[in-house]
Each structure stands twice: as C-alpha cells, then as structure tokens.
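Chemist: what's the 3D shape of this:
(one chain, ligands or ions: 1)
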Amino acid sequence: MQGEFWRLESPSSPARRAEWDHGRVELETITCPVSEGHQRSGRRLTDLSVVLPRGSVESFVWTWQSECLMQDHVLGLFRSRGFTGFEVKPVTARFDGSSEKPPTLWELVLTGWAGMASSASGLRLDEAKSCAVCGHLTYTGLVDPGHLIDKEKWDGSDFFMVWPFPRLVFVTQRVVDAIRENKLTGVRAVRGWSFEPVTDEFSPGRLSYSMPEGRARELGEPLGIY
Ligand SMILES: [Zn+2]
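Modeler: Numbers count the residues shown, from 1 in each chain. From the prediction side, this is the model:
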C-alpha cells in the first residue's frame with residue numbers, strides 16, 4: 001500500500017544547498033513559564049531569503065533547514081498538471097559573492113494531509129515530555145517507517161504531510177512521473193517509507209509553524225497540534 005507514495009528529498013551531495021540569508025529571516029521565539037527547556041523557534045515571520053552557491057541553479061533547491069524551493073518552470077509544470085496539496089511563497093535569493101541575479105524561486109508549502117502517523121508505526125506522543133502550557137510536543141519511537149502512513153487519513157492530495165514530520169515532502173506517483181519525464185534536477189524521489197527508524201525522541205514544533213494559518217487550524221485543532 002505504501003508503495004504508492006513517494007518522498008522528495010535533497011540529492012545526497014549537499015554542495016548545492018542554499019543558506020538562509022540570516023538577518024533577513026526572522027523567527028518567532030516561544031518561551032515557556034514552566035520550563036526553560038521548552039524555549040524554541042516558532043513560526044517564521046518573514047518570507048525566505050537565501051544565499052545560493054555560485055554556478056547553475058537546479059530545478060529544485062534545498063536549504064540547510066530542509067525547505068524545498070523550486071524554479072518558476074517547475075511551478076508552471078506542477079500547476080499545468082493540476083497537482084494538489086501545495087501552495088508557494090515567494091523567495092528572495094542572491095548568489096554568494098556575486099551580483100548576478102538568480103532565477104525566480106518559490107518555497108513549497110504543503111497543505112495536503114495524511115494525518116497523524118499510524119499507531120502501527122510505533123510512534124507516539126510522549127505526554128510526560130510534552131507541555132500543555134506552551135504547546136511543546138515530544139514524540140518517540142518510529143519503530144516501523146513502513147507503517148507510517150494510514151491511507152484512510154490521506155486526503156488524496158498529490159503533495160502531503162504526515163504528522164509529526166512537517167519537513168518531509170510526501171508525493172504521489174503522478175508527481176514523480178512529471179519530475180522524471182521533464183528530467184528535473186536537484187531532487188531525488190525515494191519510496192515513502194524509506195527512511196531509518198527514529199529511536200531518539202524529537203520535537204517537531206506545531207503544525208502552525210509549517211502550514212498556512214487557516215489550514216493548520218482546521219487540521220490541527222482537533223488533534224491538539226495546532
Ligand atoms: Zn512548556
């Protein structure tokens with residue numbers, strides 16, 4: 001069943017990754033009156049500004065923080081195919097040490113949804129290490145990535161997110177076909193379940209840090225992750 005789903009990721013070489021243009025990217029800071037350990041970055045308050053390595057710019061560009069950016073022609077292709085489950089945000093880009101103007105880039109923002117990771121994957125909320133006061137969420141134990149996605153919870157979108165992995169870009173076969181037919185560069189499609197079990201606990205933030213406000217509220221409030 002999970003074989004129908006893919007995930008887009010950065011090619012293995014990090015050489016073409018973009019850096020945030022620090023100073024131009026502002027993050028919300030969340031503090032907790034109960035525990036200093038819960039202090040964290042929240043929403044990004046600005047659109048992305050990035051610094052690109054010099055040289056040719058590939059169809060997709062990934063930042064060190066794992067944002068997925070795409071060139072204008074990629075966005076045009078995805079729109080012409082009628083793909084669902086995403087929006088884009090504008091990106092300001094410059095080359096490192098050069099005044100040459102880079103091509104237009106857009107940040108991929110997922111709005112498609114496959115809900116919470118299936119309990120069959122072993123993943124669970126660690127309530128003792130989460131916090132009702134500031135909304136800090138801690139998860140533990142993705143034992144079986146093969147059971148991550150519960151297809152019953154998938155909304156049918158071509159691009160979609162599975163909680164608690166807001167940075168993973170899950171896509172349908174149609175998207176992978178379009179990428180391959182058009183020989184798009186700077187991206188690798190891997191099977192949806194193909195990542196290592198996560199044994200350490202981790203804190204993904206909240207859904208509103210990654211998804212547009214209205215959509216995050218609609219999906220996240222009933223699940224307590226908005
Ligand atoms: Zn807290």
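
Chemist: just the CA coordinates of stretch 37-56, formatted as CSV?
Modeler: Included here for stretch 37-56 are C-alpha records, laid out as CSV according to Å, rounded to 0.1, in the frame of the first residue of the first chain:
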residue,chain,number,x,y,z
GLY,A,37,14.0,23.6,28.1
HIS,A,38,10.8,24.3,26.0
GLN,A,39,12.2,27.5,24.5
ARG,A,40,12.2,27.2,20.8
SER,A,41,11.7,28.8,17.4
GLY,A,42,8.1,29.1,16.3
ARG,A,43,6.7,30.4,13.1
ARG,A,44,9.0,32.1,10.5
LEU,A,45,7.8,35.7,10.5
THR,A,46,9.3,36.6,7.1
ASP,A,47,9.3,35.0,3.7
LEU,A,48,12.6,33.2,3.0
SER,A,49,15.7,35.0,1.9
VAL,A,50,18.5,32.7,0.8
VAL,A,51,22.1,32.7,-0.4
LEU,A,52,22.8,30.3,-3.3
PRO,A,53,26.2,28.8,-4.1
ARG,A,54,27.6,30.2,-7.3
GLY,A,55,27.1,28.3,-10.5
SER,A,56,24.0,26.9,-12.2
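
Chemist: From the ion, how far out is G146?
Modeler: As defined by Cβ to the ion, to the nearest Å, G146 lies at a distance of 33 Å from the ion. Any C-beta I mention is one placed from the backbone N, CA and C, and that applies to glycine too.

Chemist: Nearest residue to that residue in space, please, no chain neighbours.
Modeler: Once its chain neighbours are removed from consideration, G146 has its nearest residue in W193; the separation is 4.6 Å (Cβ to Cβ, 6 or more residues apart in numbering).

Chemist: right, and the one you found touches P145 too?
Modeler: Yes. W193 is in contact with P145 according to Cβ atoms under 8 Å; the separation is 4.7 Å.

Chemist: before we move on, the earlier item: what about the residue nearest to G146, how many residues nearby?
Modeler: Counted with other Cβ atoms under 10 Å, the burial measure for W193 works out to 18 neighbours.

Chemist: repeat for S10
Modeler: Residues contacting S10 under the criterion other Cβ under 10 Å number 18.

Chemist: Kindly report the same for F195.
Modeler: Number of residues near F195 (other Cβ under 10 Å) recorded here: 15.

Chemist: Kindly report the same for L123.
Modeler: When neighbours are defined as other Cβ under 10 Å, L123 has 25 of them.

Chemist: And for S119?
Modeler: Applying other Cβ under 10 Å, I find that S119 has 10 neighbouring residues.

Chemist: For it, give me phi and psi.
Modeler: With angles defined as degrees, to the nearest 10, S119 shows backbone torsions of phi -60, psi -20.

Chemist: roughly how far is the top strand by length along the chain from the heart of the chain?
Modeler: Ordering each strand of the chain by length in residues (DSSP state E) puts strand 86-95 first. Centroid separation between strand 86-95 and its chain, computed with Cα atoms, centre = their mean, to the nearest Å, is 14 Å.

Chemist: Just checking: what are the partner strands of it?
Modeler: In its sheet, strand 86-95 lies beside strand 48-52 (parallel), strand 105-110 (antiparallel), with partners assigned from DSSP bridges.

Chemist: and the ion, which of the ones you listed is closest to it?
Modeler: If you check each of these against the ion by Cβ to the ion, strand 105-110 wins as the nearest, at 26.1 Å.

Chemist: I'd like the mean pLDDT over that closest one, please.
Modeler: Summarised as a single mean, pLDDT over strand 105-110 is 98.
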